[in-house]
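Chemist: Got a predicted model here, sequence first, then my questions.
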There are 2 protein chains.
Amino acid sequence: MMNERIQPLEIQKYVKLSQRNDVISFAAGLPDLSVMPLEQLKEAYVQLLHENSGSFQYQAPIEALKQKIQKMMASQSVFCNLDEILITNGAQQAIYLTANLFLKPKASLMIEEFVYPGFLQIANMFDLNYLPIPSLFNQGLDLNYLESLLKTNKPLPFLYVVCNGHNPLGITLNTQIRKELAVLAEKYNLIIVEDDPYGYLNFSDEQFLPMRAYTKNAIYIGSFSKTIAPAVRTGWIVAEKNIIQKLQQLKDMNDLYCSNTNHLALNTVLDKYPMDEITYPQKIHYKSKLECMINALEEFIDIPCRYIKPKHGMFIWLEFLSNQFKLEHDRIFHKSNVLYIPESAFAVGKSTGKQAIRLSFAYPTLDQIILGIKKLGDTIQKSAGKNFMMPCEII
Amino acid sequence: MMNERIQPLEIQKYVKLSQRNDVISFAAGLPDLSVMPLEQLKEAYVQLLHENSGSFQYQAPIEALKQKIQKMMASQSVFCNLDEILITNGAQQAIYLTANLFLKPKASLMIEEFVYPGFLQIANMFDLNYLPIPSLFNQGLDLNYLESLLKTNKPLPFLYVVCNGHNPLGITLNTQIRKELAVLAEKYNLIIVEDDPYGYLNFSDEQFLPMRAYTKNAIYIGSFSKTIAPAVRTGWIVAEKNIIQKLQQLKDMNDLYCSNTNHLALNTVLDKYPMDEITYPQKIHYKSKLECMINALEEFIDIPCRYIKPKHGMFIWLEFLSNQFKLEHDRIFHKSNVLYIPESAFAVGKSTGKQAIRLSFAYPTLDQIILGIKKLGDTIQKSAGKNFMMPCEII
């Protein structure tokens, strides 16, 4: 009598294998703790443990933390009141609550062809008719296709997007596309749910604004997991007040409260260190890993493929262009002990037939990146059976 | 387009009013922090902050904490493997996940006439046909009625119960009833979900075993919120392995991980202090508050009423027996500044027509209990318009 729509994620298999000591993993999207403000966080815990015992009671999130988030949002041109912010147990809960507020069983849902599996798994619970939206190489979300769906298919007016460092595609939507998407949102009363875990990890010189800076139809989901620490389990939602109220009620029934101790520690860290100061070394660090991986790809992957150089985030999406061979993922892992995540883990319809893989450059060391890509290149080349000499297309 | 089944809880209104300084609150079910091992918990945090930084990464719950839970369960004759335990973000999440695994839209659900609102709110999401089960005074769940429903109404084979210190009724099911319920569970393939936040707060000399000690059809939900601290946000589920696997998948999509820092601190506390040692002073403390409230009720409530003396938990359910007056809750609060929760907040069908209120004795001080019950007695008596001289029936 159990709900049969609950199914395990393919990605979990890779996350488990990642933990093996003999494996170089480009699979899990883990942040690198060495550039996170853990000493400052520890200090904050110790300080609050000496000062405050009320923090151990059942307690709603403290206002001071909401004010910090309010300021962070304002610096990205999103101006909101405190009652337009909900603090959640990580961004995953924010996605879950939002989906549960808006998705309807058996509806037609527009969804990107490749999507964050943590959203796909939730959507799968609703027995939906998926309307996959393709992505344009180096540009992302195909807005013409989106509008054609809106015009003809009467989909649920709901769209989940990752505008900064798309997971898995690595694409950052440019400002023009964001503006056009906002226009569509207003025209079709479309709710845009922007999941933004990587916004602060911006390796480019451009500033990109959240969708909510362009339209109140956008709901923003933020996270401290990639900048302060995953274990503080703190994400947030910015939306209209009536939506936040409903999400709060859903959260109450979901898990009542977050860990207030974590919120207090987080707030103390943010009191002393502005986000820009915290994230500056992170950007430098991840950018150097990204460049290291790109150099390694150029050097060691001799098979026709293409990828873009991401402006945000943790991932390179490597797409092989030949159909003269088939990537046998299990065999490649077995031979190389290098782990990545194949496209099927992100594809809405199980697999698009594309030969693509997601490589995370955030967690492994520089040495692991070089060695891992070399091993991967060698193994794939052998597995392909012959040498392709065409270089990769990098953008 | 928002999900219209999401509705606020009546109880939230009272929880908010509880925070006013001029109010004596018997409303919120808050534990008394003064008897919780907060110093030990703080020490544990400080210790782990000096030792461990990996605890800030995305991380599954540590095995050591599961082993502690395994031992706690074994001491209550529930023997389980580690893969039969799921650690959750508080017991509320455990209830939420379990309900979402088993409840089906538009099904018929057997549900106690008075029930924990945090469960009712979740059930309300499923558009169910409720089959309310009455409670026998001083005995609880009417098993004959339950069996008649099972025989004739084809309900969903799912029953949510609180066997120790029922919320709101305060009743502890005796061992005979537990055994009979287990027999029914086996006979009708009924899944019993036992929510047990108060099991360790046992004021009697009897030991009561969880339903899972009698039948594998029972799922057990435990919590550290009433014994260690609410803010550690740690509950757990014990169930068959295949059920735990599905609940784990649901949890993954719900919020990915709990705060591992909290688990490590909790584990360190439990390494040094066995649960019996932690809960012994709590039992004494709450028992003295319970007795203080009962004495005050005897002294200050002169209107015909009845209640049982609870063996577990935090609540006295005070039922007025006269229908010559009607409790006007808002007016009583306005006049007395004493807060309680009326029966309508717990009734499955909005109100049963009973004149009953839930009084929590756990959080207020002894002085507040005496003063609060005196004010309440005076106000209700005046509001009733005349003096009833019949004493209360206490069992």
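Modeler: Perfect, I can see it now. Remember, predicted model here, so these are calculated numbers, not experimental data.
Chemist: rest of the way, CA atoms for contacts and neighbours
Modeler: Fine.
Chemist: check contacts around the closest residue to A:Lys375 other than its chain neighbours.
Modeler: Leaving aside its chain neighbours, A:Lys375 sits nearest to A:Ser336 (5.8 Å; criterion: C-alpha to C-alpha, 6 or more residues apart in numbering or on different chains). Residues in contact with A:Ser336 (C-alpha atoms under 8 Å, 6 or more residues apart in numbering or on different chains) are A:375-376, A:379.
Chemist: just checking, A:Lys251 touches A:Ile95?
Modeler: No: with contact defined as C-alpha atoms under 8 Å, A:Lys251 does not reach A:Ile95; the gap is 11.5 Å.
Chemist: Settle it for me: which of those two has more neighbours?
Modeler: Neighbours were counted for A:Lys251 and for A:Ile95 using other C-alpha atoms under 10 Å in any protein chain shown; A:Ile95 has more, 27 against 22.
Chemist: what distance separates the helix or strand harbouring the more buried one from the middle of the whole chain?
Modeler: Assigned by DSSP states H and E, A:Ile95 falls within helix A:90-102. Distance of helix A:90-102 from the chain centroid (C-alpha atoms, centre = their mean, to the nearest Å) equals 14 Å.
Chemist: ditto for stretch A:208-225
Modeler: 13 Å.
Chemist: taking the contacts of A:Ser336 one by one, which sit in helices?
Modeler: A:375-376, A:379 (DSSP state H).
Chemist: and A:Glu299, how many neighbours?
Modeler: 15.
Chemist: which SS state does it fall under?
Modeler: helix (DSSP: H, G, I helix; E, B strand; the rest coil).
Chemist: And the helices in chain A?
Modeler: So, for chain A - with DSSP H - the helices run A:10-18, A:38-51, A:63-74, A:90-102, A:117-124, A:143-152, A:175-187, A:241-255, A:260-272, A:275-300, A:329-336, A:366-384.
Chemist: where among the ones you listed is the average confidence lowest?
Modeler: Mean pLDDT is lowest for helix A:10-18 among the helices of chain A, at a mean of 84.
Chemist: ok, back up a step: just among the contacts of A:Ser336, which is most surrounded?
Modeler: Of those, with other C-alpha under 10 Å as the count, A:Leu376 tops at 23 neighbours.
Chemist: from memory A:Tyr130 sits against A:Glu113, does it?
Modeler: No: using C-alpha under 8 Å as the test, A:Tyr130 is too far from A:Glu113 to be in contact (9.4 Å).
Chemist: anything in contact with each of the two?
Modeler: Taking C-alpha under 8 Å, 6+ apart as the contact rule, A:Tyr130 and A:Glu113 both touch A:Val348.
Chemist: one step back: just the contacts of A:Ser336 now: which is nearest chain B?
Modeler: Minimum distance to chain B across those is 26.0 Å, recorded for A:Leu376 (C-alpha to the nearest C-alpha).
Chemist: what's near enough to touch that closest one?
Modeler: A:Leu376 touches A:332, A:336, A:338, counting by C-alpha under 8 Å, 6+ apart.
Chemist: Now stretch A:271-289: buried residues?
Modeler: If you call a residue buried by 16 or more other C-alpha atoms under 10 Å in any protein chain shown, then stretch A:271-289 has these buried ones: A:275, A:278-279, A:282-283, A:285-289.
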